[in-house]
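>>> got a sequence here, can you build the structure:
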Amino acid sequence: MKKKLSSARLLIAIFSLLLILHALAVATGWYRVISWYDIVLHYIGGFFSAIFFFYIFGNTRCKQYANFLENKWVTLVLTVSFVALIGVLWEVFEFSFDHLIAARYGIDMSQLGLVDTMGDLVVDLLGGLAAGLLFVLL
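Below you'll find the model as predicted:
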């Protein structure tokens, strides 16, 4: 199961799903109409980030440095930390997009405030934790 959780096919499938769902939401305005839609995408994004972490350290040249994957608690902490990094980088991207592009051209803002940003980060972490637990326990 660990091999399946770090496979390139799973990584591509989840990323494709994220892209399609995001494109649909932007095209149809679902982010504004369906209040929980953003939460689902952030959960999937956190799950994807964790799978990406496993892929990097399980299938590449980094494998020789990935002895920490033998300790399940260290693996879980590092996985969630990586997911947090990706989540923060995404929120910085949204903030930058809003202030550099959206505000100038009248496009809907991505950042709805601190509560939205913190909620997004918590849901990212929950998705990453779910993938991390699957990896550690199976």
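
>>> could you give the mean pLDDT of the helix ranked longest in the chain?
In the chain, assigned by DSSP state H, the helix with the most residues is helix 72-97. For helix 72-97, the mean pLDDT works out to 92.

>>> shift numbering so it begins at 58
Happy to do that; since the first residue is 58 now, the last one works out to helix 129-154.

>>> near D181, how many other residues are there?
28 (other CB atoms under 10 Å). Heads up, the C-betas are built off the backbone N, CA and C, glycines and all.

>>> for the longest helix of the chain, which helices and strands make contact with it?
Helix 129-154 sits against helix 94-116, helix 171-194, with contacts defined as 3 or more CB pairs under 8 Å, 6 or more residues apart in numbering; DSSP states H and E.

>>> which one of these lies closest to T136?
Smallest distance to T136 across the helices and strands packed on helix 129-154 (CB to CB): 3.9 Å, for helix 171-194.

>>> tilt between that closest one and helix 129-154?
Angle of helix 171-194 versus helix 129-154, following axes from the mean of the first three to the mean of the last three CA atoms, to 10 degrees, is 150 degrees.

>>> which residues sit against helix 171-194?
58-59, 62-63, 95-96, 99-108, 111, 129-130, 132-133, 136-137, 139-141, 143-145, 147-148, 168 (CB atoms under 8 Å, 6 or more residues apart in numbering).
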